[in-house]
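Q: No letters, just coordinates:
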């Protein structure tokens, strides 16, 4: 069985939490205001929800591929790039949490997941810089 | 445009002015949809954008004026660059979502992008 070092562990945790944040976009974030009177998901809040989804998905994929040592990614500063991209999810979540009412569990789940993803991506970056 | 010919302080003050103009653009017309129009300040999250622009512009202005910043172990221009990239993201998210985009959004995009370019230019100078 492959034993992962600290860098790879942080990268995998960041990638998993980032991936789960993408899934949390489809949980109910707010209880009122839906077009059909139902709950509003994070992805249904705004037409451009695909933008943070794509950015966080790319950051998570890069971390995972780097952790699994896929050839072609070694020349890229993947932890630094992911640390730059990952907070977009946290920012998107915070934007709507600050503005919304009747917040549901999906929004809090997304907040926790995005904060965790940012933390582990940053830890991977710090570990990578220390060598 | 050649950014090499502009001094570091001029770039920093330019970026700070861009942030000030970005804040003003928040209060201009962002959307016109038939008889209805709305400004950037009608968005529930606009105080967050305002705070980010104030922080980024303040950091650049303080650095240009040689003031000590209470940011230890961090390069102030890297923090400002990051904050400005969030503002570009903020404007883009709403640009893609709003029907009937008005001039205020374009101005907000222009000021956030120019501010980011100037700050990034200073950041690159610092890291070389």
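A: Happy to help now that I have it. Since the structure is predicted, the reported quantities are computational estimates derived from the model, not experimental observations.
Q: Give the pairing partners of the helix or strand containing residue B:37; include direction for each.
A: Residue B:37 is located in strand B:36-39, with elements delineated by DSSP states H and E. Strand pairing for strand B:36-39, determined by DSSP bridges: strand B:29-33 (antiparallel).
Q: Could you list the residues in contact with the partner strand?
A: B:37-40, B:42-43, B:94, B:98-105, B:108 (CB atoms under 8 Å, 6 or more residues apart in numbering or on different chains). Bear in mind the C-beta positions are built from the backbone N, C-alpha and C, glycine included.
Q: now the residue minimising distance to the centre of chain B: how far from chain A?
A: In chain B, the C-alpha nearest the mean C-alpha coordinate belongs to residue B:112, at 3.6 Å (CA atoms, centre = their mean). Separation of residue B:112 from chain A (CB to the nearest CB, to the nearest Å): 14 Å.
Q: burial count for the residue nearest to that residue when sequence neighbours are not counted?
A: Nearest non-adjacent residue to residue B:112, counting by CB to CB, 6 or more residues apart in numbering or on different chains: residue B:87, 4.3 Å away. For residue B:87, the neighbour count with other CB atoms under 10 Å in any protein chain shown is 23.
Q: so residue B:87 sits in a strand?
A: No. Assigned with DSSP: H, G, I helix; E, B strand; the rest coil, residue B:87 falls outside any strand and is helix.
Q: Enumerate every residue touching it.
A: B:22, B:49, B:52-53, B:56, B:112, B:115-116.
Q: The residue nearest to the centre of chain B: which element?
A: With DSSP H and E as criterion, residue B:112 is part of helix B:103-127.
Q: list the buried ones in that helix?
A: B:104-105, B:107-109, B:111-123 (16 or more other CB atoms under 10 Å in any protein chain shown).
Q: other SSEs contacting it?
A: Packing partners of helix B:103-127 (3 or more CB pairs under 8 Å, 6 or more residues apart in numbering or on different chains; DSSP states H and E): helix B:8-25, strand B:29-33, helix B:46-64, helix B:76-97.
Q: and chain A, which of its residues are near chain B?
A: For chain A, the residues in contact with chain B (CB under 8 Å from any CB of the partner chain) are A:46-48, A:51-52, A:84, A:87-88, A:91-92, A:94-96, A:98-100.
Q: Now the two most distant members of the residues you listed.
A: Of all pairs drawn from these, the one with the longest distance (CB to CB) is A:84 and A:100, at 26.6 Å.
Q: Give me the mean pLDDT for the helix holding residue B:112.
A: Average pLDDT, helix B:103-127: 93.
Q: can you check stretch B:26-33 too?
A: On average, stretch B:26-33 scores 89.
Q: which helices and strands sit right next to the helix or strand of chain A with the lowest mean pLDDT?
A: Sorted by mean pLDDT, DSSP states H and E, the helices and strands of chain A end with strand A:40-41, the least confident at a mean of 87. Contacts defined by 3+ CB pairs under 8 Å, 6+ apart place strand A:40-41 against strand A:28-30.
Q: Just list what the strand it packs on packs against, helices and strands only.
A: Packing partners of strand A:28-30 (3+ CB pairs under 8 Å, 6+ apart): strand A:40-41, helix A:105-130.
Q: For these, give me JSON lines that also has distance to residue B:83 and mean neighbour count.
A: Listed next are the helices and strands packed on strand A:28-30 as JSON lines, based on distance: least, CB to CB, whole Å; neighbours: other CB atoms under 10 Å in any protein chain shown:
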{"stretch": "strand A:40-41", "distance to residue B:83": "28", "mean neighbour count": "20"}
{"stretch": "helix A:105-130", "distance to residue B:83": "15", "mean neighbour count": "20"}
